[in-house]
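# turn this into a structure:
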Amino acid sequence: MELLEEHRCFDGQQQRWRHHSPVLNCAMTFSIFLPPERETPPPVLYWLSGLTCNDENFTTKAGAQRIAAELGIALVMPDTSPRGDEAANDDGYDLGQGAGFYLNATEAPWAAHYRMYDYLRDELPRAYS
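Predicted coordinates for the structure are as follows:
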């Protein structure tokens, strides 16, 4: 995994990471807010951004880190889809890269990379823990 950014934020840490995803067969990016340390691991809230967004939209626009720090909650913001030359795309804004469908595609050309349900359920929690 590659740490892309790290910033102190409300006594916690706002980080952005890139890693190779075997589930999606491409590099993926996610952002995570880690609240100030406590005796027990924090509960985790996933924010799944929508159409045409990425992992940074909620991070930079919502201002949720202050409340998450006060409540001791970690925030995880994954990118909305696979990206890059190897992942299928479409000219329309509502299909392909950035579209934000959190499911497993079953038809070509999408099935090779668009397995976001499995990524979110199985792979991403292991990546940041």
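# sec struct for Met28, please.
Under DSSP: H, G, I helix; E, B strand; the rest coil, Met28 falls in the strand class.
# can you report phi and psi for the closest residue to it other than its chain neighbours?
In space, and not counting its chain neighbours, Met28 is closest to Ser21: 4.5 Å by C-beta to C-beta, 6 or more residues apart in numbering. Every C-beta, even on glycine, is put in place using the N, C-alpha and C of the backbone. Main-chain dihedrals, Ser21, degrees, to the nearest 10: phi -100, psi 110.
# who are the contact partners of Ser21?
Ala27, Met28, Pro82, Tyr119, Glu123 (C-beta atoms under 8 Å, 6 or more residues apart in numbering).
# what are the ranges of the helices in this structure?
Counting by DSSP state H, the chain has helices at residues 56-61, 65-71, 116-118, 124-128.
# centroid residue for this structure?
The centre of the chain sits closest to Pro78, judged by C-alpha atoms, centre = their mean, with a distance of 0.8 Å.
# for it, which non-adjacent residue is spatially closest?
Phe30 (4.5 Å).
# may I have the residues that are in contact with the residue nearest to the centre of the chain?
Counted by C-beta under 8 Å, 6+ apart, Pro78 has contacts Met28, Phe30, Tyr46, Leu48, Asp55, Tyr119, Leu120, Leu124.
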